[in-house]
Every structure is written in structure tokens, then in C-alpha cells.
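# here's my sequence, what's the structure:
(one chain, ligands or ions: 2)
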Amino acid sequence: MALKILSNCINCSVCEPECPNLAISYDTTKKIYVINPDLCTECVGFYDEPTCDAVCPINCIEPDPDRIEEKPILFEKYRKIYNK
Ligand code: SF4
Ligand code: SF4
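Ligands and ions are numbered 1, 2, ... in the order given. Alright, predicted model coming up:
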């Protein structure tokens with residue numbers, strides 16, 4: 001599944017450059033960082049674990065229950081993003 005940033009994000013910007021898929025950006029309306037679920041592969045194709053979750057100092061990144069996707073689907077998403 002894709003991951004989701006919770007509303008208690010403190011906008012520290014640490015996660016944004018760590019995403020290999022450029023899925024994280026600052027949302028000027030919500031005024032927090034957000035994850036584009038179409039680009040989030042849970043880091044499948046790059047790392048064993050979601051790297052944004054690993055670096056977030058307040059643990060405000062969680063699985064998105066609305067975007068439950070198993071590993072094969074995540075890998076397919078990765079392949080589509082990179083035309084592999
Ligand atoms: S889990 Fe990985 S791919 Fe998804 S937003 Fe976080 S760093 Fe990016
Ligand atoms: S690392 Fe966590 S607190 Fe910092 S911007 Fe990302 S989601 Fe927000």
C-alpha cells in the first residue's frame with residue numbers, strides 16, 4: 001500500500017529528499033507534507049523498508065488504509081514509473 005503522512009507532521013522536510021520516487025511534496029493547502037499514492041511504492045524496487053518512515057523524527061507516516069496494495073502490485077507500480 002501507499003503510505004500516508006498524518007496531520008501532526010511538523011514540516012521538518014527530512015523525508016522529502018529521501019523518497020526515491022519523488023512522491024513526497026509540500027502541500028500548500030494542507031500546510032504539511034503529503035505523499036502521492038500513485039508514486040509511492042513503499043520503496044519497493046529500492047529499499048527493504050519505507051525510507052520516509054525510517055527517517056521521520058516523529059513517526060507520523062503510516063500505511064494508508066485506502067491504498068492497500070500487496071508487494072506484486074507495488075513492484076508493478078515501480079516498473080511502470082521507471083518503464084522497466
Ligand atoms: S515509502 Fe518510499 S516510495 Fe513511498 S513515499 Fe515513502 S520514501 Fe517514497
Ligand atoms: S519527516 Fe515526518 S515530520 Fe518531517 S516533513 Fe516528513 S512527515 Fe513531516
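
# where do the strands of this structure begin and end?
With DSSP state E as the criterion, the chain has strands at 3-5, 24-27, 32-35, 61-63.

# was I right to think residue 33 contacts residue 6?
No - between residue 33 and residue 6 there is no contact under C-beta atoms under 8 Å: 10.3 Å. C-beta here means a position set from N, CA and C on the backbone, and glycine is covered the same way.

# between these two, who's got more neighbours?
Neighbour comparison, residue 33 and residue 6: the larger count goes to residue 33, with 22 against 12 (by other C-beta atoms under 10 Å).

# and that one, what does it touch?
5, 9, 11, 13, 15-16, 24-27 (C-beta atoms under 8 Å, 6 or more residues apart in numbering).

# can I get the strands of the chain in a markdown table including distance to residue 74?
Output for the strands of the chain, formatted as a markdown table (distance: least, C-beta to C-beta, whole Å):
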| stretch | distance to residue 74 |
| --- | --- |
| strand 3-5 | 11 |
| strand 24-27 | 16 |
| strand 32-35 | 13 |
| strand 61-63 | 12 |
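
# make JSON lines from those and add distance to ligand 1 and mean pLDDT to it.
JSON lines is the format used below for those (distance: least, C-beta to the nearest ligand atom, whole Å; pLDDT from 0 to 100):
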{"stretch": "strand 3-5", "distance to ligand 1": "5", "mean pLDDT": "97"}
{"stretch": "strand 24-27", "distance to ligand 1": "5", "mean pLDDT": "98"}
{"stretch": "strand 32-35", "distance to ligand 1": "4", "mean pLDDT": "98"}
{"stretch": "strand 61-63", "distance to ligand 1": "7", "mean pLDDT": "96"}
